[in-house]
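>>> got a predicted structure here, sequence first:
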Amino acid sequence: MKIKKVYSQAARVQGILRTLGTRHGITIGELAEEFGVNRRTIYRDLRALQDAGYPILSEVTEGTTYWKLEPSFKDIQPITFNQNELMALYFSRMLLKTIEGSPFQTDLGRRVPCPAKVG
């Protein structure tokens, strides 16, 4: 008897992303079976990843749709944070909410141009 593993949404989406990055293509049905959810949930998770900017492609081969990450994206190393760094980012974001609607927010939103490289 196979034990069904229960994933939180965040863990499942991260797992789907990892799966898409390691395979040459996978169907919605295979993803649904692997993560123990229905197909609609997988479609929602894929849409969330696409909305977050991940280049997820679908490709039809012999009438079957396969999903995968854009090949050039697979070579990009993930950005990882330790717990202290994540907490610092979280609290910084909370602190910056206090200046919403003020002139400071406009100033902080401006991009500072990078100096041109010499050589």
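Noted; the coordinates are in hand. Residues are numbered from 1 along each chain as shown.
>>> pull the residues that contact the helix or strand of the chain with the lowest mean pLDDT.
Here the helix or strand of the chain ranked lowest by mean pLDDT, DSSP states H and E is helix 103-109, holding a mean of 73. Helix 103-109 has contacts (C-beta atoms under 8 Å, 6 or more residues apart in numbering) with Leu96, Ile99. All C-beta spots, glycine's among them, are computed from the backbone N, C-alpha and C.
>>> restrict it to CA atoms and write it as PDB.
Taking C-alpha atoms only, helix 103-109 is exported to PDB below (Å, rounded to 0.1, in the frame of the first residue of the first chain):
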ATOM      1  CA  PRO A 103       7.200  61.500  -0.500                       C
ATOM      2  CA  PHE A 104       9.800  59.000   0.800                       C
ATOM      3  CA  GLN A 105       8.100  56.200  -1.000                       C
ATOM      4  CA  THR A 106       8.500  58.100  -4.300                       C
ATOM      5  CA  ASP A 107      12.200  58.700  -3.600                       C
ATOM      6  CA  LEU A 108      12.900  55.100  -2.600                       C
ATOM      7  CA  GLY A 109      11.100  53.900  -5.800                       C
END
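>>> how far does it sit from the chain's center?
28 Å (C-alpha atoms, centre = their mean, to the nearest Å).
>>> please renumber so the chain begins at 29
Yep, numbering from 29; the last one is helix 131-137 now.
>>> list the buried residues for it?
Neighbour-count burial for helix 131-137 flags no residue at all (criterion: 16 or more other C-beta atoms under 10 Å).
>>> could you do stretch 40-51 as well?
Quick answer for stretch 40-51 (16+ other C-beta under 10 Å): Arg40, Val41, Gly43, Ile44, Leu45, Thr47, Leu48, Gly49.
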